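**Q** quick one: sequence and predicted model below, then my questions.
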2 protein chains.
Amino acid sequence: MKNSQSTRSRYLSIAGIVMVALVALAWSCKTGGGEVQLGSVDVAGDSNAVIQERGLTPDDVYAAVKTFVPSGRYDDYVMFASGGHSGQILVIGVPSMRLLKVIGVFTPEPWQGWGYSDETRAVLDGAKVEGRDITWADTHHPALSETGGDYDGEFVFINDKAHARIAVVDLRDFETKQLVKNPIALSDHGGTFVTPNTEWVIEGGQYAAPLGWKYASLDKYAEEYRGMVTMWKFDRSAGRVVPGESFAIELPPYWQDLCDAGKAVSDGWLLCNSFNTEMATGGIEDDKPPFEAGASQRDMDYLHIIDWRKAAELAAAGATTTVNDFPVLTLETAIAEGVLYFLPEPKSPHGIDVTPGGEYMVVSGKLDPHVTIFGWDKIQAAIAAENFSGKDDYGVPIIDFDAALETQIELGLGPLHTQFDDKGYAYTSLFLDTAVARWTLGGAYAGGHDEADWTLVEKIPVHYNVGHIVAAEGDTVSPDGGYLVALNKWSVDRFLTVGPLHPQNFQLIDISGKGPSMKLLYDMAIGIGEPHYVQMIKADKLKAWEVYPEAGWNPIQQALDPHAVAIGEEKVERRGKTVEIWMTGVRSHFTPEKVEVKKGDHVIWHITNVERAKDATHGFALPAYNINLSLEPGESTTFEFDVEESGVYTYYCSEFCSALHLEMVGYLLASPS
Amino acid sequence: MKNSQSTRSRYLSIAGIVMVALVALAWSCKTGGGEVQLGSVDVAGDSNAVIQERGLTPDDVYAAVKTFVPSGRYDDYVMFASGGHSGQILVIGVPSMRLLKVIGVFTPEPWQGWGYSDETRAVLDGAKVEGRDITWADTHHPALSETGGDYDGEFVFINDKAHARIAVVDLRDFETKQLVKNPIALSDHGGTFVTPNTEWVIEGGQYAAPLGWKYASLDKYAEEYRGMVTMWKFDRSAGRVVPGESFAIELPPYWQDLCDAGKAVSDGWLLCNSFNTEMATGGIEDDKPPFEAGASQRDMDYLHIIDWRKAAELAAAGATTTVNDFPVLTLETAIAEGVLYFLPEPKSPHGIDVTPGGEYMVVSGKLDPHVTIFGWDKIQAAIAAENFSGKDDYGVPIIDFDAALETQIELGLGPLHTQFDDKGYAYTSLFLDTAVARWTLGGAYAGGHDEADWTLVEKIPVHYNVGHIVAAEGDTVSPDGGYLVALNKWSVDRFLTVGPLHPQNFQLIDISGKGPSMKLLYDMAIGIGEPHYVQMIKADKLKAWEVYPEAGWNPIQQALDPHAVAIGEEKVERRGKTVEIWMTGVRSHFTPEKVEVKKGDHVIWHITNVERAKDATHGFALPAYNINLSLEPGESTTFEFDVEESGVYTYYCSEFCSALHLEMVGYLLASPS
């Protein structure tokens, strides 16, 4: 197996030879050529001098020219990365690995004005927990909207593991439009994932608890604690999930982990794995096995196989009970109606990934060196034939492991997640090996590669402790290949030390070749959050707006704002103790430039950025009241506050807009009475 | 003058010729060489194929090999960038232009746990305004601590323009330790800057208002509104500014803008420019000239020249009055004691930058195509000779312009800011030209360059609307040269469209050559905040900790935490309705794993991460109470909350730490009574 590091050191010693040859080439062109050639050779000579001075190996030069995106040229792919516990989404270009944007999702972010206007605060209010503001999230799995199992570039969803919440981001303006709190669950993990036409957004649970945030002591764990998966109905035209048309399915109190939607031949079904089928409840402080041991005793946990289409029909027919006013299909009904089956999966499973055509389910158990591959045809046949090895304690039929098994491949230590390419290769992250394995698929994929089916081809080391990986469109029905990114949890020695909190390391890997040919291209530091999952979409599928469609646009409503005004229509109205302002901003002044209020007044302030030029954003900063807006061209927004003190406050443009940007300012005069 | 874009298109057409030559070289090596050479040539051939396939020009290849930093190699420089209205500081490696970290400063940031523990919330509380939480800031000018006028890598300071606040970040752990609200001012701009040995942190004002956040109507502008500069005393051993030893200087109600500390020959003095010496008060809504016009009528504003050492002596001697209990040297005293002088500066000035040896003051007026260079010897001579052209309305002596002038150089439209290199070149950003000009210094710098003194050498276009620029250590007494970064406010067409809010564009420019040789190397998207100023320090000057010095370390105190515990010392104590927990975390469990409380209890929770391995950070997420901690190796921290509801809550490690990270969890059981 090729080891890229030893290869590199082999090349290192002969880098000098290449230099000499290139310099010779430069000289021969210089003597033989006219002015144009001279120019070109000078530049090549400059590059060679830099290569030599910086000690770059041929592999380094390959990586440099493979990833460099010149000024004004665009990246080929865009990654949407969870921001981990930053609560945000990171937008990253590939192959340059440049961070193009951080989208404010669960955490207020003032550059975007996210959470600093009435409208955006109202969206964040959708994510309150027990009535309290929660200004962070542990975002895990972004899911791009799909049409026919392929990314369509319209929306991206993401979950918050810490509080079981999901978010909807509109990719016309890359802004969050909706946050929803799961009404029955404490935490989630198996979300978000979408069905192949984004009819549903899937949110699977994580740590079991009494449904509906109720209290029960741990000694009632088996009886009162439960798992769940929630199906959020998505209305694409409204760009919102519809809680009133959504439902959940009650599951045993195992810890459901990742999920994936079936597609193509397995469309209509949903797969979620689980761990802690031991139902351990910890207790290291009482000399009991800690969770890490107690939840890792059994060799097999259960892959949950769920007929979501049947479940949706049952929910629509009212065959549900309610918890916190939310419809829940009970475990009993799910079993009785053939909605839920289990399939043993080894050991402490983490990743469940469905092949592009939907024919195989790839399971990785953290404590098993194999990937386990189940055949969908075999699963279906076993269900039809009731080929069950028994039932679990809750009565869920357990499909016979051998009947469903296609094959197992030994890859190495700590396999986690699998992605796919266009050549019939699969890629699995190996946490403990800190490597990514390339292996071959069989069946319909056998013609794409030159190796035997179901065989390990190569492992490439990564730095360090890889969690998820992503290949270009690598979880869709038509993966692109070419690039893969390893989401490494530790960077250790890869970057300059920036304090005891080290960045994560996204490593870009070239998977364009066949056979044992993977090349490490680029290390990207992630010094803002710890991303979990990422999806990578072709850049040309994104059709984002460059400016808002019309002046006076309200981004939350995605419609004209009734309070928007044009230049000349600005006004200030006083009604008793309420002062209402309709303001415009344009390079380089706000109108009005003076607003007079009194201590005790209530202020309602509307602002319209009337600009139509791309990038002509104005910020609006008002000190002391925690207000900062980002008004993109055409945007109209509103905020309100009570004048609590008298004083003189300058509001100003906080996004550099013009040579006279500093002069884009006004005075809010709050008189004592 | 060289235009790098036209140069590029000239090379474009001959890129193919270079390819053919390189392929020929590869072939000749292949036929003549042994196995080692073959290997090297194969790699070179791969690179050439990529260059051809991606259509890279020789300039592109130069930029690629100049900026690429291979896995495990480190950047040469580190930039500390203001995060603009994100409220944070961005840490960026040069030449790779990778974002290594976002430091939480004024805005809560959950990945770092910044603002989500008691200790960090207490730091943020230092930044309240009128008693209210302000969770954002408009950060402008980072200032690295200096020793002898050179960066020493120990601290970085930054201001908040929106609220006149400053922050202190300790570069041992890259964490914010202190936030301070200016007690007399509404907004600031001319900060932070440090004196050459960081005795003082300078915070100059921006928009005039009555000192002390008082109310006065705009028609009392001349009488009651005032500007200011505040001198914050810094205690390096404590790592804190000391408000009780700090003071401000009252200034006329012009809008003070940028400042810079004198150094070497001008050490002990402070320069701040100003605009709106017209004392315009806007009023476009009443058909008066808007601020952008009213504040731009005069051809000259005033450079403020301040003897800070004398001011500090006066403050120490009690020659101050107090505003909001803060010592203020009055304008009257400042004039009488020879602390304050004015010098006319054209027109709508923005940047004031002192040359490395302190001999010249470079002023750029946004509406004047020249940079204006004053000689410090001439300024001092004029003061000594009382060579004044008059006094302003407030009695401040105005130094004769011609007496102080060294020279003026026409550079282009919209000059803003100037930096310096090691060869006697200066660099000035041109906002309206959207270019960076290289020009020559004279005097002691004449020997460094080959051109005539005080001459424009070259302009390089940037994309687009450049604000500040930074050269490597380019505002210290010993600039390094080599790299310059243009902080462009608009990116327009440089990156993929990610919605109507476009990223900023940091462009890295190669300034290593002499004469007209600047090369554009790299476009870095900044999709998180709008940076204003940046400082670039040699990477080897930073000596950050890889882990905290000892297990049980409290980062805010930078000392052992009295509540830290070792493994085996964990405990839970109940005292009436207070429950106090001393917990440890280690891969892969928290101890205890079960905490029982009752609705109505008050909970005090201490956690120590006992890890000593680099990068072995544990997160600690507790849902519903807005708590997420980042516990770096050795860190101990505390949070408190009241149990408001009964329920079952899982706390868990939110920073992926090990193969059994998902099992690092515990249950908080809140019973109803």
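**A** That came through fine. Numbering: from 1, shown residues only, chains lettered A, B, ... in the order given.

**Q** hmm, stretch A:300-310 in reach of chain B?
**A** No - Stretch A:300-310 stays clear of chain B (CB under 8 Å from any CB of the partner chain), getting no nearer than 12.2 Å. Yep, even glycine has a C-beta here, placed from its N, CA and C like the rest.

**Q** against chain B, how distant is the residue lying closest to A:Gly424 once chain neighbours are set aside?
**A** Once flanking residues are discounted, A:Gly424 sits nearest to A:Gly448: 2.8 Å by CB to CB, 6 or more residues apart in numbering or on different chains. A:Gly448 sits 22 Å away from chain B when distances are taken as CB to the nearest CB, to the nearest Å.

**Q** also A:His468?
**A** A:His468 is 10 Å from chain B, by CB to the nearest CB.

**Q** and what of A:Ala613?
**A** Distance, A:Ala613 to chain B, by CB to the nearest CB: 9 Å.

**Q** residues near that residue, how many?
**A** Number of residues near A:Ala613 (other CB atoms under 10 Å in any protein chain shown) recorded here: 12.

**Q** which residues are in contact with it?
**A** Each residue near A:Ala613 by CB atoms under 8 Å, 6 or more residues apart in numbering or on different chains is listed here: A:Val547, A:Pro633.

**Q** these two touch, right, A:Lys233 and A:Ala248?
**A** No - using CB atoms under 8 Å as the test, A:Lys233 is too far from A:Ala248 to be in contact (12.0 Å).

**Q** tell me which element A:Ile92 is part of?
**A** Using DSSP states H and E, A:Ile92 maps to strand A:89-94.

**Q** what mean pLDDT does that strand get?
**A** Per-residue pLDDT over strand A:89-94 has a mean of 98.

**Q** can you tell me how far the residue nearest in space to the middle of chain A is from chain B?
**A** Centroid-nearest residue in chain A, with CA atoms, centre = their mean: A:Pro142, separated by 2.9 Å. Per CB to the nearest CB, A:Pro142 is found 15 Å from chain B.

**Q** A:Gly227 in helix, strand or coil?
**A** Recorded secondary structure, A:Gly227: strand (DSSP: H, G, I helix; E, B strand; the rest coil).

**Q** so it bridges to which residues?
**A** A:Leu251 (DSSP bridges).

**Q** list the contacts for it?
**A** A:Gly205, A:Ala208, A:Glu250, A:Leu251, A:Pro252, A:Pro253, A:Tyr254, A:Trp255, A:Gln256, A:Ser274.

**Q** tell me if I'm right that the second one and A:Ala222 touch.
**A** It stands for A:Ala208. No - with contact defined as CB under 8 Å, A:Ala208 does not reach A:Ala222; the gap is 9.8 Å.

**Q** quick one: common contacting residues for those two?
**A** Counting by CB under 8 Å, 6+ apart, the residues touching both A:Ala208 and A:Ala222 are A:Pro253.

**Q** more neighbours: which of those two?
**A** Shown here are A:Ala208 and A:Ala222; by other CB under 10 Å, A:Ala208 has more neighbours (29 against 13).

**Q** quick check: that one vs A:Glu250, distance?
**A** Per CB to CB, to the nearest Å, A:Ala208 is found 11 Å from A:Glu250.

**Q** next, count neighbours for the closest residue to A:Gly357 other than its chain neighbours.
**A** In space, and not counting its chain neighbours, A:Gly357 is closest to A:Ala264: 5.0 Å by CB to CB, 6+ apart. By other CB under 10 Å, 16 other residues sit near A:Ala264.
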